[in-house]
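Trainee: Need coordinates for the following:
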Amino acid sequence: MDLIANQSSLLALGKLNVILGKNGCGKSFLLKNMQAQVQPQENLGQVRYISPERGGILQYEPNIEVNIGNNPLWLQDTRRNNQAQQFRQQSATLFRRLELLVLREIERESFDEGYVPHSFTDTIEKINQLLDRVRLERDVVKAFKIVDRDTGQETTPQDISSGESELISLGIEILSFVREAEVGKQNFLLMDEPDVHLHPDLQDRLARFIIDTLADKPVSVVVATHSTPLLAGLSIDPETRLAFKRRDQNTLTFRLVSEVDRTILPIFGAHPLSNIFNQAPVLIVEGEDDERLWQQAIRSSRGRIRLFPCVATSVDLFGAFETEVNALMDAVYDNAIGFSLRDRDLGAEQLDDFGHIIRMRLSCRAAENLMLSDEALALAGTDWTSLQSALGQWAQANTTHRYQEQVLAFIDDGFDRKGHDLKNIRNILIGLVSSKPWEVLVGQAIAALATDDGPSSSGSLRNYLGEKACEHILKLPPAAAQELPAEASGAFHPV
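Mentor: Sure, this is the predicted structure:
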């Protein structure tokens, strides 16, 4: 379904829709304009807007109910300001309306055959599932009272946390809108930054509440946010749709959250405004081996290397991962960067950057070639000459081994440790020098390089990683130009 107003349009909407954009990009203006000027459609019911800065105290005030009764548009008019000073008092009033609607529904259902008795308390319990320290209970005089779960004593709205107030208020707003929705039409709840005052765990809890509450109801929600944890929580539903909002863009077309999005969203789990992401950028790598290698490098560097490795689920999807990570960064961060690191394989080493993504290839053929660099071998207590000799002896002693031909091919290739395809024989090579997995050995060598720098001579780890990766990922200064002797390339043949 589409929502179209005088100055803006939301196209290809589904049941759960997320607008992701940074502060100041116009998310609030877009939703407020939509609520105020949406064009009438035959199957369109109510459209309600929830302000981003929701002030006030969670207590019932009769004058608010009088204002709503005297002017049906009063509530939506007061909420088209970014700062809704009495928002929580309005929520408390909506609680009374919610109670009335639920009790009327129970009364109607009680005449149906097979009616199962239930009460308004069941509705309150849905809100209580959002809360840990306190709970709501019905009250004869007030709309509700807030009770400490541990002591059973009533507490005041002023004494609960801002996060608890937010959850109670938003829970009431969502449940009441669902009850007031027009049957047979599609109703839209426009929620502007519902993540305010909520840490990531509570954002996930709110997302699940929204998904469960809207199930099988004629209500769609449009959430405007810069919170990737909230997007990740809503993306549990496979039908969740997403659009990126940029400044001066007032027509958004939504599309389903992809599997690429679901893979990368945990990387963006920290709240964008904390700047944690800029301090530890994403590093897109080709496979799980590469991920383990860089995770080891991060651990061993003791804070010198700060990255979030993210595995592209296949080489064919590598470009899609770069595109989506770049789009997410562009939507929620200022001046952010990310990295991608491919194997060189048989291609050219140099890659152009893409948006916020600094794109690189290894200078060696693949990640496993890094274990044959001088520093990795030295960390294993050996050197390149000794390993060549050991491999020749292995080839003589293992003539029936399934990978003996691949070992001989490596030898016949002149022991090209930088450019040969080692994938099938990497475990044989590491077994000759170390009891550690090769990813651990290489990760530890990279951590040492990041800490102590190192030469860029032929055979060095720096030479295998490539200068671009050393400069951007390891933050090493440019290497001094050196005239390097070529490695001996004479083939070794076992006798």
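
Trainee: Which parts of the stretch 201-350 of the chain are strands?
Mentor: For the stretch 201-350 of the chain, applying DSSP state E, counting those that start in this stretch gives strands covering 219-225, 241-244, 251-253, 255-256, 282-285, 308-311, 338-342.

Trainee: Please disregard the earlier target; I meant the stretch 1-150 of the chain.
Mentor: Under DSSP E, counting those that start in this stretch, the stretch 1-150 of the chain gives strands at 3-4, 9-11, 16-20, 44-50, 53-54, 83-84, 134-138, 144-148.

Trainee: Would you mind finding the most buried of the ones you listed?
Mentor: For the strands of the stretch 1-150 of the chain, average neighbour numbers computed from mean count of other Cβ atoms under 10 Å are highest in strand 16-20, which has a mean of 25. From N, CA and C alone the C-beta is placed, and that goes for glycine too.

Trainee: hmm, who's touching it?
Mentor: Strand 16-20 is contacted by residues 10, 27, 30-31, 210-211, 214, 220-226, 228, 230-231, 234, 237, 239-245, 252, 254, 257, 328, 331-332 when judged by Cβ atoms under 8 Å, 6 or more residues apart in numbering.

Trainee: Within the sheet, what are the partner strands of it, with directions?
Mentor: Strand pairing for strand 16-20, determined by DSSP bridges: strand 219-225 (parallel), strand 241-244 (parallel).

Trainee: Throw the ones you listed into JSON lines and include mean pLDDT and distance to residue 289, thanks.
Mentor: Below are those laid out as JSON lines (pLDDT from 0 to 100; distance: least, Cβ to Cβ, whole Å):
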{"stretch": "strand 219-225", "mean pLDDT": "95", "distance to residue 289": "35"}
{"stretch": "strand 241-244", "mean pLDDT": "95", "distance to residue 289": "31"}
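
Trainee: quick one: low-confidence parts of the stretch 51-200 of the chain?
Mentor: Scanning the stretch 51-200 of the chain for pLDDT under 70 picks out 72-73, 76-77, 79-85.

Trainee: Can you show me the helices along it?
Mentor: Listed in chain order, the helices of the stretch 51-200 of the chain (DSSP state H, counting those that start in this stretch) span 62-70, 74-78, 87-109, 120-128, 162-180, 200-214.

Trainee: Please dump those into a markdown table; it should also carry distance to residue 475 and mean neighbour count for every row.
Mentor: As requested, those are exported to a markdown table (distance: least, Cβ to Cβ, whole Å; neighbours: other Cβ atoms under 10 Å):
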| stretch | distance to residue 475 | mean neighbour count |
| --- | --- | --- |
| helix 62-70 | 56 | 13 |
| helix 74-78 | 51 | 15 |
| helix 87-109 | 46 | 19 |
| helix 120-128 | 48 | 16 |
| helix 162-180 | 37 | 22 |
| helix 200-214 | 28 | 19 |
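
Trainee: Could you export these as JSON lines, including distance to residue 402?
Mentor: Shown next, in JSON lines, are the helices of the stretch 51-200 of the chain (distance: least, Cβ to Cβ, whole Å):
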{"stretch": "helix 62-70", "distance to residue 402": "78"}
{"stretch": "helix 74-78", "distance to residue 402": "72"}
{"stretch": "helix 87-109", "distance to residue 402": "69"}
{"stretch": "helix 120-128", "distance to residue 402": "60"}
{"stretch": "helix 162-180", "distance to residue 402": "59"}
{"stretch": "helix 200-214", "distance to residue 402": "47"}
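
Trainee: Tell me which of the ones you listed lies nearest to residue 349.
Mentor: Closest approach to residue 349 among these is made by helix 200-214 (38.6 Å; Cβ to Cβ).

Trainee: Distance from the chain centre to that closest one, please.
Mentor: 15 Å (Cα atoms, centre = their mean, to the nearest Å).

Trainee: right, and the strands of the stretch 201-350 of the chain - which one's nearest residue 321?
Mentor: Closest to residue 321 of those, according to Cβ to Cβ: strand 282-285, at 5.2 Å.

Trainee: Name the surrounding residues that touch that closest one.
Mentor: Strand 282-285 is contacted by residues 264, 267-268, 291, 294, 307-312, 318, 321-322, 325, 338-341, 357, 473 when judged by Cβ under 8 Å, 6+ apart.

Trainee: Taking the centroid of this protein, which residue is nearest it?
Mentor: residue 265 (1.9 Å; Cα atoms, centre = their mean).

Trainee: what's the closest non-adjacent residue to it?
Mentor: Distance criterion Cβ to Cβ, 6 or more residues apart in numbering; nearest residue to residue 265, sequence neighbours excluded, is residue 232 at 4.1 Å.

Trainee: So what's the residue count around that neighbour?
Mentor: Residue 232 has 22 neighbours, counted by other Cβ atoms under 10 Å.

Trainee: residues in contact with it?
Mentor: Contact analysis of residue 232 by Cβ under 8 Å, 6+ apart lists 204, 207, 262, 265-266, 268-269.

Trainee: now swap in residue 391 and tell me
Mentor: Residue 391 sits next to 407, 410-411, 428-429, 432 when contact means Cβ under 8 Å, 6+ apart.

Trainee: Nearest to residue 170, out of the strands of the stretch 201-350 of the chain?
Mentor: Each of the strands of the stretch 201-350 of the chain has some distance to residue 170 by Cβ to Cβ; the shortest is strand 219-225, at 11.0 Å.

Trainee: Show me which residues of that closest one are buried.
Mentor: Neighbour-count burial for strand 219-225 flags 219-225 (criterion: 16 or more other Cβ atoms under 10 Å).

Trainee: Distance-wise, check the residue nearest to residue 26 when sequence neighbours are not counted relative to residue 438.
Mentor: Distances taken as Cβ to Cβ, 6+ apart put residue 247 closest to residue 26, at 6.1 Å, once the chain neighbours are dropped. Distance, residue 247 to residue 438, using Cβ to Cβ, to the nearest Å: 47 Å.

Trainee: More neighbours: which of these two?
Mentor: Taking other Cβ under 10 Å, residue 247 and residue 438 do not tie; residue 438 has more neighbours (25 against 9).
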